[in-house]
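Student: Only the shape, not the letters, is given here:
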């Protein structure tokens, strides 16, 4: 009789421990999922911001190309008409357009590097999430096996 009470008490304690472990695993999994979702959202927002900057730079590049085109047209007009006062204005437009293009190209290169970094972070976060899920699945399976052992004793 005493042995049955001891065994019953032991089983009860093991069940409590298993329940606490299950709750801890669930809470840990939930916290990890929230953290991963926040990280994903942050990466997506960062990438969206960088893509918006890229669109802005593309628009600015088009404006710089238009400056160069306008300068080239003025230069051609000045040379055909013989009005050399327009040559200086054309030269300024072309130089300004080239300078702007150079600056934009540098900015686009930096932006591309930043986008690559964000995409790499997102890829690494995905693999980290997969790793965590795999570990949690293994822990849950072990807990299930322990519960089966407790139930069978």
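Tutor: Happy to help now that I have it. Bear in mind the structure is a predicted one, so any value in this text is a computation, not a measurement. Numbering: from 1, shown residues only.
Student: distance of residue 56 from residue 133?
Tutor: The spacing between residue 56 and residue 133, counted by Cβ to Cβ, to the nearest Å, is 38 Å. In short, each C-beta sits where N, CA and C put it, glycine included.
Student: could you give me the average pLDDT of stretch 131-150?
Tutor: Averaged over stretch 131-150, pLDDT sits at 71.
Student: which residues does residue 71 contact?
Tutor: By Cβ atoms under 8 Å, 6 or more residues apart in numbering, the contact set of residue 71 is 89-97.
Student: Excluding chain neighbours, what is closest to it?
Tutor: With sequence-adjacent residues excluded and distances taken as Cβ to Cβ, 6 or more residues apart in numbering, residue 71 is closest to residue 93, at 3.1 Å.
Student: So that neighbour versus residue 56, what's the distance?
Tutor: To residue 56, residue 93 is 22 Å away according to Cβ to Cβ.
Student: which one of those two has more residues nearby?
Tutor: Neighbour comparison, residue 93 and residue 56: the larger count goes to residue 93, with 20 against 13 (by other Cβ atoms under 10 Å).
Student: Surely the more buried one touches residue 74?
Tutor: Yes. Contact status for residue 93 versus residue 74: in contact at 6.6 Å, counting by Cβ atoms under 8 Å.
Student: what about residue 28, distance to residue 142?
Tutor: 14 Å.
Student: repeat for residue 39
Tutor: 27 Å.
Student: Quick one, which of the contacts of residue 71 are buried?
Tutor: With neighbours counted by 16 or more other Cβ atoms under 10 Å, the contacts of residue 71 contain buried members at 90, 93-94, 97.
Student: what's the farthest-apart pair in those?
Tutor: 90 and 97 (10.7 Å; Cβ to Cβ).
Student: on that earlier part again, and residue 39 and residue 142? which has more neighbours close in?
Tutor: Higher neighbour count among residue 39 and residue 142: residue 39, with 15 against 12, using other Cβ under 10 Å.
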